[in-house]
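> Please find the sequence and the predicted model below.
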Amino acid sequence: MEICGFSNGFYLSIYIYIYRDLLSQKDSTLTFLDVLVAN
């Protein structure tokens, strides 16, 4: 269930959020990234 336009914007916003988190909290972000990669 992935609509191209929605998915691109959705994941882009998530990546931006993760990247901003990465600058402040590396541990939490890495854990979150691991969850995303696992899924």
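Looks like it arrived, so ask away.
> Okay, now the unreliable bits of this structure?
Residue ranges of the chain with pLDDT under 70: 1-6, 26-31, 38-39.
> how about the strands of it, start to end?
Assigned strands in the chain: none (criterion: DSSP state E).
> Grab the longest helix from it for me.
The residue-count maximum for a helix in the chain (DSSP state H) belongs to helix 4-24.
> who does that one touch, helix- and strand-wise?
If you count contacts as 3 or more CB pairs under 8 Å, 6 or more residues apart in numbering; DSSP states H and E, helix 4-24 packs onto helix 26-38. In short, each C-beta sits where N, CA and C put it, glycine included.
> buried sites along the longest helix of the chain?
By neighbour count on 16 or more other CB atoms under 10 Å, the buried set for helix 4-24 is empty.
> Val37: what's it in contact with?
By CB atoms under 8 Å, 6 or more residues apart in numbering, Val37 lies in contact with nothing.
> Okay, it and Ile18: tell me how far apart.
Note on Val37: its distance to Ile18, by CB to CB, to the nearest Å, is 11 Å.
> hang on, the earlier thing: restricting to C-alpha, output the longest helix of the chain in CSV.
Extracted in CSV, the C-alpha atoms of helix 4-24 (Å, rounded to 0.1, in the frame of the first residue of the first chain):
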residue,chain,number,x,y,z
CYS,A,4,4.4,7.1,-4.9
GLY,A,5,3.7,10.8,-4.2
PHE,A,6,2.6,10.3,-0.7
SER,A,7,5.4,7.8,0.1
ASN,A,8,8.1,10.2,-1.2
GLY,A,9,6.9,13.1,0.8
PHE,A,10,6.2,11.0,3.9
TYR,A,11,9.6,9.3,4.0
LEU,A,12,11.3,12.6,3.2
SER,A,13,9.8,14.2,6.2
ILE,A,14,10.7,11.2,8.3
TYR,A,15,14.3,11.3,7.1
ILE,A,16,14.5,15.1,7.8
TYR,A,17,13.1,14.5,11.3
ILE,A,18,15.6,11.6,11.9
TYR,A,19,18.5,13.7,10.7
ARG,A,20,17.6,16.5,13.0
ASP,A,21,17.3,14.1,15.9
LEU,A,22,20.7,12.6,14.9
LEU,A,23,22.4,15.9,15.4
SER,A,24,21.1,16.1,19.0
